[in-house]
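S.K.: next input, structure requested:
(chains A, B, C and D)
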Number of protein chains: 2
Amino acid sequence: MKLLIVDDETKIRTMIKKYAEFDGYEVEEASDGMQAVSLCLLNHYDLVIMDVMMPELDGFSAVREIRKKSRVPVLMLSARGEEYDKIHGFELGVDDYVVKPFSPKELMMRVGAILSRTHPKEDVNENVFVSDGLKVDFAARIVTVDGQPLDLSPKEYELLFYLVRNRNLALSREKLICDVWGYDFYGDDRTLDTHIKLLRRSLGDYASRIVTLRGVGYRFDA
Amino acid sequence: MKLLIVDDETKIRTMIKKYAEFDGYEVEEASDGMQAVSLCLLNHYDLVIMDVMMPELDGFSAVREIRKKSRVPVLMLSARGEEYDKIHGFELGVDDYVVKPFSPKELMMRVGAILSRTHPKEDVNENVFVSDGLKVDFAARIVTVDGQPLDLSPKEYELLFYLVRNRNLALSREKLICDVWGYDFYGDDRTLDTHIKLLRRSLGDYASRIVTLRGVGYRFDA
DNA sequence: GCGCCTTTTCAACTATTCTTCACAGCTCTT
DNA sequence: AAGAGCTGTGAAGAATAGTTGAAAAGGCGC
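M.R.: Numbering: from 1, shown residues only, chains lettered A, B, ... in the order given. You can find the predicted model right below:
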């Protein structure tokens, strides 16, 4: 996770940087708006902490410039918590707003809150999918139907996992082939159908969860 | 979008409710933490605005209870911006924190910011269209009428999706043919009519949403 | 190299969908 | 009121896409 800290006061930048690095973030600094804009166009940051009052280019104008190219989350710092300023910030798509003087601990809490929202934990979130008598344990690589474990082939696992991870979504044949087999697969048109057939046979009563979307591909219904 | 406002002061609840309803939210109220917890277990809210200081059960304890069952976004209101309280709030998975006295306008800005983060699909790119009992889910490729899924043919899906994406717009026969069939279609004049007929038949009660514009083409009324 | 399991290919088969066409119906003009 | 010009409809053959079983090809451990 990489942060960009933008403030004209070195003292403040250093202080935030210390706390941020303590929390395990990688940190870069900019001392004015112009610099911030250039850095944002050159590099990728997971979040920008931006002061409002700065020489050269103020924080709001800098965000406006950055927004032309990037949706990077921004947390604004302002010396005074004027309502006008706050609204101004939200309209630009600023994610949060902290008023100086602030507690560094609270600032880092807010940084954490924004990042946890913009980077939802996909892998941590779901290791197992359950619906009625069907259980798909991604981590353990076990699929059970009514408690009975199924004996699937590697491709069947991969295909099922992909379908379940993208359940309730129309998946085109091309996308399935590309994502499950790899972009460099130039096999027969019927390969996918055949594996769907095998998977359906293995799933028994749950075969109907794999819905054929004629002319498009397939969808797994949760 | 449905909000739950929890505060023991009727005056504050009424004030927030007025602003929220002006912004188009549906609003329910609770006057203490216990009530808030019960309501959250019974109903679905898109966001909860919760005061900290309340009789019976304070805001933090209420959120802790709610969190056992629900991940609903919460915005806390507090009479004093003590740092300890703020951190306490973020650790519970509170999404934002507003200090009293606050400006209602800023509060609604923050509510909007949270909701746009938790419901990213609805405001960014549209994946689903709903109007009365008709639901068109583009991503899942599912069309339901009064909860009942329809079994449409590929062309019916494509045509309906195109019409709904360009709803309330007069679409010429030429444009429809060109965009749905492709610029290189040199088929019969009756092909489009026939598919409109099939689609209308499938849509049942909602057939009349597809309006014939004699001499021009068709329009889907949202 | 052998045997077993998995994956892929292939072609026949089935099911669904698309297009065409003839004609009916509607609307507006003459 | 008749006719021209569009649009709606049902039927049927043509076209397309998906399913399936069988068989060949590929991998991997022994």
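
S.K.: and stretch A:140-159, what's buried?
M.R.: A:143, A:145, A:150, A:152, A:156-157, A:159 (16 or more other CB atoms under 10 Å in any protein chain shown). In short, each C-beta sits where N, CA and C put it, glycine included.

S.K.: whoops, I mixed them up, stretch A:128-137
M.R.: Buried residues in stretch A:128-137, counted by 16+ other CB under 10 Å: A:129, A:134-136.

S.K.: hang on, the earlier thing: of the buried residues of stretch A:140-159, which are in range of chain B?
M.R.: When CB under 8 Å from any CB of the partner chain is applied, no member of the buried residues of stretch A:140-159 is adjacent to chain B.

S.K.: between the buried residues of stretch A:128-137, which sits nearest chain B?
M.R.: Chain B has its nearest neighbour among the buried residues of stretch A:128-137 in A:Phe129, at 16.6 Å by CB to the nearest CB.

S.K.: worst-scoring helix or strand of chain A, pLDDT-wise?
M.R.: Across the helices and strands of chain A, the lowest-confidence element by mean pLDDT, DSSP states H and E is helix A:122-125, at a mean of 44.

S.K.: contacting residues for A:Gly93?
M.R.: The neighbourhood of A:Gly93, defined by CB atoms under 8 Å, 6 or more residues apart in numbering or on different chains, consists of A:63, A:67, A:71, A:74.

S.K.: rewinding a little: adjacent strands (with direction) for the helix or strand that the least confident helix or strand of chain A is followed by?
M.R.: Using DSSP states H and E, the helix or strand that follows helix A:122-125 in sequence is strand A:128-131. Strand pairing for strand A:128-131, using DSSP bridges, gives strand A:134-137 (antiparallel).

S.K.: pull the distance from the partner strand to the chain's centre.
M.R.: Distance of strand A:134-137 from its chain centroid, counting by CA atoms, centre = their mean, to the nearest Å, is 24 Å.

S.K.: output that strand as CSV, nothing but the C-alphas.
M.R.: Taking C-alpha atoms only, strand A:134-137 is exported to CSV below (Å, rounded to 0.1, in the frame of the first residue of the first chain):
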residue,chain,number,x,y,z
LEU,A,134,-23.9,-27.9,-2.1
LYS,A,135,-20.7,-26.8,-0.4
VAL,A,136,-17.6,-25.6,-2.3
ASP,A,137,-14.5,-25.2,-0.2
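
S.K.: with just CA atoms, put the following helix or strand past it into PDB.
M.R.: Proceeding N to C from strand A:134-137, the next assigned helix or strand is strand A:142-145, under DSSP H and E. Output for strand A:142-145, consisting of C-alpha atoms alone and laid out as PDB, is shown next (Å, rounded to 0.1, in the frame of the first residue of the first chain):
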ATOM      1  CA  ILE A 142     -13.400 -30.000  -1.400                       C
ATOM      2  CA  VAL A 143     -16.900 -30.100  -3.000                       C
ATOM      3  CA  THR A 144     -19.600 -31.900  -1.100                       C
ATOM      4  CA  VAL A 145     -23.200 -32.600  -2.100                       C
END
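
S.K.: show me what strand A:142-145 is packed against.
M.R.: Contact here means 3 or more CB pairs under 8 Å, 6 or more residues apart in numbering or on different chains; DSSP states H and E; on that basis strand A:142-145 packs against strand A:134-137.

S.K.: mean confidence for the strand it packs on?
M.R.: Mean pLDDT, computed over strand A:134-137, is 92.

S.K.: got it, and stretch A:35-54?
M.R.: Mean predicted confidence for stretch A:35-54 is 89.

S.K.: where are the low-confidence patches of chain A?
M.R.: For chain A, the stretches with pLDDT under 70 are A:79-92, A:119-126, A:183.

S.K.: now do the helices in it.
M.R.: For chain A, helices defined by DSSP state H occupy the ranges A:10-22, A:33-42, A:59-67, A:83-91, A:104-118, A:122-125, A:154-165, A:173-176, A:190-203.

S.K.: reformat the buried residues of stretch A:128-137 as JSON lines; add distance to DNA strand C.
M.R.: Shown next, in JSON lines, are the buried residues of stretch A:128-137 (distance: CB to the nearest atom of the strand, whole Å):
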{"residue": "A:Phe129", "distance to DNA strand C": "21"}
{"residue": "A:Leu134", "distance to DNA strand C": "20"}
{"residue": "A:Lys135", "distance to DNA strand C": "20"}
{"residue": "A:Val136", "distance to DNA strand C": "17"}
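
S.K.: quick one, which of the helices of chain A is packed in tightest?
M.R.: Ranked by mean neighbour count, the helices of chain A are led by helix A:59-67 with a mean of 21 (mean count of other CB atoms under 10 Å in any protein chain shown).

S.K.: what packs against that one?
M.R.: By 3+ CB pairs under 8 Å, 6+ apart, helix A:59-67 packs against helix A:33-42, strand A:47-51, strand A:74-78, helix A:83-91.

S.K.: OK, contacts around the closest residue to A:Asn166 other than its chain neighbours?
M.R.: Closest residue to A:Asn166 apart from its sequence neighbours, by CB to CB, 6 or more residues apart in numbering or on different chains: A:Phe220 at 7.3 Å. Residues near A:Phe220 by CB under 8 Å, 6+ apart: A:163-164, A:166-168, A:209-211.

S.K.: please apply the same query to A:Leu57.
M.R.: A:32-34, A:36-37, A:65.
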